[in-house]
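*Asks:* Model the following, please.
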Amino acid sequence: MQRTGGGDEEKRRGANELAHSYSAGIFRAPADGGGGGLCWFGAQLVTVGGSPYYLVAGLLVLGAAFYLWRGDRRGAWLYGLMLAGTWLWALWEVGFDGWALLPRVLVPTVLGLWLLTPWAFAPGDGEIRRSWRMLRAGAVVLLLGMLGVATMWWEAVDTPSIAATATTTSALVTEASADTAAGEWHHYGRDAGGTRFSPLDQITPANVADLQPAWSMRTGYASNGAPAPFEATPLKVGDTLYFCTPANDVFALDAQSGATKWHFRAQTDEHRVGFKVCRGVAYYRDPAGDKGACSERIITATIDARLLAMDAHTGEPCSSFGKNGAVDLRQGMGTVDKGYYYTTSAPQVIRGKVVFGGWVSDNQHIGEPSGVIRAFDAVTGKFAWAFDMGRPDVHAEPGPGEQYTAGTPNSWAPISADEALGLVYLPTGNSVPDWYGGQRRPFDERYGSSVLALDAETGALRWSFQTTHHDLWDFDVASQPTLYDMLVNGQRVPALILPTKRAEIFVLDRRTGKPLTAVEERTVPTSTVPGERAAPTQPFSVGMPSLAGSPLTEKMMWGLTPLDQAWCRLAFKKSVYEGPMTPPAINQPTIAYPGYMGGIDWGSVAVDRDRDILIANSSRLAMRAMLIPRAEADQLGIKPIAEGVHGNVGAASAQAGTPYAVSITPFMSPLDVPCQQPPYGVLSAIDMKTQKLLWEQPLGSGRDSGPLGIPSMLPLRMGVPNTGGALVTRGGVTFLSATQDNYLRAFETKTGRLLWKTRLPAGGQATPMTYLSPAGRQVVVLSAGGHAVLRSKTGDHVVAFALPEEAGRAMPAAAGR
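*Replies:* Residues are numbered from 1 along each chain as shown. As a prediction, this is how the structure comes out:
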């Protein structure tokens, strides 16, 4: 009997229907949730004047899910209409910017591939074959598109040929080749002017890819739980490196091998210190001393407010300095709550005096410790002078029953000095608190967020320049002023380059404080807060490129999916943002962009003196701040932090003594990614001869960051937040490690080409340095200890890199001390 096969046909039809039901369920679950979410956020977004796209797309997705659940092909056409409209809308909004397109089109496109599967409906055999062909074609197109985008974003190393990187030495501002200091690093920024420029040229763009580990060591320091970033830049004097740990222990290492010569234990009282950091130490050689004990010394200031001096050869305390090698910096400060005042940056030594400011806890209460700047004799530790902004003409210590003026602007960042001019240059922050200024005094207003030029002999103010008037955004000048002789009308003029958190770069005559490049006062948004008196204008450095990026718009809001992007767009529209310098508001978030991490933070800039190129790494990460009325703050239990914990990010601060507390948070999506589109970090080069941007590029990859704090492991260049500074060399190479991902990178200074990168054992939130070893090899050294704010991996490593011994060009060894 002949068989008809009708039973087999029914089985196939049943299987297809079952597969269709399963596939439709897979599609509908995210489609219903996503469509509903898009409608929810989209409807709210429309009511505040935002884009209607999300509401329309949500309705179309819900309609498509309804029809597909019923096996109706109109669902596929409806979803296809939504997807085509999404692509057209996305290209209209952001063009072909891959990172901006990502949240708009990736998830809808991947979900749309389900509709090309054979099981999206209950088709016949021919339709199944056509469906498979369409699926394969769609998948290939998507894969090729993703590969193309990944190729654009992939952080590729470009090693040029020797011929392509040759430098004509006659064009350089040369130093004598016999300069015995060429291989040294005697100051935090190599020189007292903080250029971070080394005249070493053994490492070049042609051979930097051959760098290999030379040595490494670990300090053994581990914090007791409070943030303790390892930000130290070592000094190199003779055959020894010197650096400090976050708790102010000092190490001396053999410059050839990295072996520890001595370890000074500072016995720092870390209790109640909420933010532990030591960016560097100072070196001083007594010109009147012999070769005895402490004729050469290392000086450091501690997180428990002491000034310490130790013998550079042995690490023993200098007994003639202060009391057994220590000076109590609480003298004259009045009552100082533990953890509210200490020094985090390296002191500066000029004309035999140790000059430093201090860090004061942010936003806790009115009347916090003074921001006084002081100098002590580098040999005896005796008080030399003070600059107290509340009594600027009195340079003596306070008498009995007196104290330095409380709550004045402080100077916590690295400082610079000009030995010839006899001036020391100190960047300043705000008087406490940062986000409300109704109570500020005339001297607070004059000296806040400025750079001060003080006479190194007397402490008298020679000049000051303010970068932000009546600062309401925590825009401390965090960067070390960089001293550089700038070409002006064919003549070299002593200049001071002042980078800021605002990403404005001011260039001043360091003799007078007068701008060498144009500065313009521009009208900015006004404050509506009762009792506040925001400045009507702010200075903008129009004669230099701004590194702040474009002002934010709704189109620039980001996320990983359409849902969290819609959330970010809605949050943006519900926040107060009128462009740069929008002042805080009451009970409504205000967007500060760049945020208080910068712009340019304490890493400052580096200047290639040979090529007249300024290198700056900067962050572009928005923050949201909101003032909370005092009665409400009291109900919420917001009080000054008794334990000295540094809690600005993601926490409310009391600002006690003012009418308002403040809440400050990064502007992040529900998936814990920034609400603005990349880049979040940028590396820029400025030609200082023309004051024009030479090149600029996103800095860093997303390998060690990702949604919900989970590392993506994808080395795709997107530009990430960064803190730390760059090193530039005569060889034409820029080294930088400040990024959120754990890499040390080398770039060609002239072009910005990435030449080399290497993984670090922890985050590299420090500034690299370089020196010539006793054997004649150029060595690059970095502290790798991570940073809690950047969420980079923590550690206690010091790592060194050099060319293979046979590849290094022979150079004279650095002379001894």
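*Asks:* beta partners for A252?
*Replies:* Beta-bridge pairing of A252 under DSSP bridges involves Y242, W262.
*Asks:* That one contacts G258, correct?
*Replies:* No. The pair A252 and G258 does not pass the contact test of CB atoms under 8 Å, sitting 11.2 Å apart. Every C-beta, even on glycine, is put in place using the N, C-alpha and C of the backbone.
*Asks:* Give me the more crowded residue out of the two.
*Replies:* Higher neighbour count among A252 and G258: A252, with 25 against 18, using other CB atoms under 10 Å.
*Asks:* which residues sit in contact with that one?
*Replies:* When contacts are counted by CB atoms under 8 Å, 6 or more residues apart in numbering, A252 touches 240-242, 260-263, 298, 312, 315.
*Asks:* Tell me the confidence at it?
*Replies:* Among the per-residue scores, A252 shows a pLDDT of 98.
*Asks:* All the helices of this structure, residue numbers only.
*Replies:* Taking DSSP state H as the test, the helices found in the chain are 6-47, 53-69, 74-94, 98-113, 125-153, 442-447, 562-574, 630-636.
*Asks:* Any idea which of those has the lowest pLDDT on average?
*Replies:* helix 125-153 (a mean of 54).
*Asks:* which residues of the stretch 351-500 of the chain score low on pLDDT?
*Replies:* Nowhere does the stretch 351-500 of the chain drop to pLDDT under 70.
*Asks:* those strands in it, which residues are they?
*Replies:* Along the stretch 351-500 of the chain, counting by DSSP state E, counting those that start in this stretch, strands occupy 353-356, 359-360, 373-377, 383-387, 416-418, 423-427, 450-455, 461-466, 482-488, 491-499.
*Asks:* Can you tell me which of those is nearest to R196?
*Replies:* Ranking the strands of the stretch 351-500 of the chain by their distance to R196 (criterion: CB to CB) puts strand 482-488 first, at 7.9 Å.
*Asks:* Quick one: neighbours of E806, just the number.
*Replies:* 5.
*Asks:* make that P287, sorry
*Replies:* P287 has 7 nearby residues by other CB under 10 Å.
*Asks:* residues contacting it?
*Replies:* Applying CB under 8 Å, 6+ apart, no residues contact P287.
*Asks:* So which of the contacts of A252 is the closest to L211?
*Replies:* Relative to L211, the closest of the contacts of A252 is L241; by CB to CB it sits at 18.1 Å.
*Asks:* May I have the residues that are in contact with that closest one?
*Replies:* 234-235, 251-255, 771, 781.
*Asks:* Now with 10 Å, please.
*Replies:* 185, 217, 234-235, 251-255, 258, 261, 769, 771, 779, 781, 798, 800 (CB atoms under 10 Å, 6 or more residues apart in numbering).
*Asks:* for L727, same thing?
*Replies:* Counting by CB under 10 Å, 6+ apart, L727 has contacts 185, 189-190, 196-198, 233, 606, 615, 733-737, 746, 767-770, 780-782.
*Asks:* at 7 Å instead, please
*Replies:* 196, 198, 606, 734-735, 767-770 (CB atoms under 7 Å, 6 or more residues apart in numbering).
*Asks:* same deal with M668?
*Replies:* M668 neighbours (CB under 7 Å, 6+ apart): 674-675.
*Asks:* What pLDDT is listed against it?
*Replies:* So M668 comes in at 95 (pLDDT).
*Asks:* Could you check how far it is from C675?
*Replies:* Per CB to CB, to the nearest Å, M668 is found 6 Å from C675.
*Asks:* Could you verify my assumption that T314 touches W262?
*Replies:* Yes. Counting by CB atoms under 7 Å, W262 is a contact partner of T314 at 6.2 Å.
*Asks:* higher neighbour count, the two?
*Replies:* Using other CB under 10 Å as the criterion, T314 and W262 rank with W262 on top: 17 against 13.
*Asks:* pretty sure that one is touching H313, no?
*Replies:* No. Counting by CB under 7 Å, H313 is not a contact partner of W262; they are 8.4 Å apart.
*Asks:* which ones are touching I298?
*Replies:* By CB under 7 Å, 6+ apart, the neighbours of I298 are 242, 250, 281, 283, 310, 312.
*Asks:* Please tabulate those in TSV, including the columns neighbour count and distance to D328.
*Replies:* TSV is the format used below for the contacts of I298 (neighbours: other CB atoms under 10 Å; distance: CB to CB, whole Å):
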residue	neighbour count	distance to D328
Y242	27	23
V250	22	19
V281	27	19
Y283	22	23
M310	25	17
A312	25	23
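*Asks:* Closest one of those to Q403?
*Replies:* Within these, distances to Q403 taken as CB to CB reach their minimum at V281, with 28.3 Å.
*Asks:* show me the contacts for the residue nearest to that closest one when sequence neighbours are not counted.
*Replies:* Closest residue to V281 apart from its sequence neighbours, by CB to CB, 6 or more residues apart in numbering: T300 at 4.4 Å. Under the criterion of CB under 7 Å, 6+ apart, the neighbours of T300 are 244, 248, 250, 278, 281, 308.
*Asks:* Provide the partner residues of T300 in its beta bridges.
*Replies:* L308.
*Asks:* Quickly note the distance from it to D476.
*Replies:* 22 Å.
*Asks:* Which pair in the contacts of T300 has the greatest spatial separation?
*Replies:* C278 and L308 (11.0 Å).
*Asks:* Comparing the two, which shows the higher neighbour count?
*Replies:* C278 (29 against 26).
*Asks:* how about the spatially closest residue to A222 that is not a sequence neighbour, what does it touch?
*Replies:* Spatially, and ignoring its direct neighbours in sequence, A222 is nearest to D796 (7.0 Å; CB to CB, 6+ apart). Residues counted as contacts of D796 (CB under 7 Å, 6+ apart) are 218-222, 230, 785.
*Asks:* isn't T468 right next to Y447, touching?
*Replies:* No. Using CB under 7 Å, T468 makes no contact with Y447, being 11.9 Å away.
*Asks:* what about the stretch 551-700 of the chain, any weak spots by pLDDT?
*Replies:* 643-650.
*Asks:* Strands of that one, start to end?
*Replies:* Counting by DSSP E, counting those that start in this stretch, the strands of the stretch 551-700 of the chain are 590-592, 605-608, 613-619, 623-629, 651-653, 660-666, 681-687, 692-698.
*Asks:* which other residues reach the second one?
*Replies:* Defining contact as CB under 7 Å, 6+ apart, one finds that strand 605-608 is touched by 195-197, 482, 484, 497, 499, 614-616, 725-728, 749.
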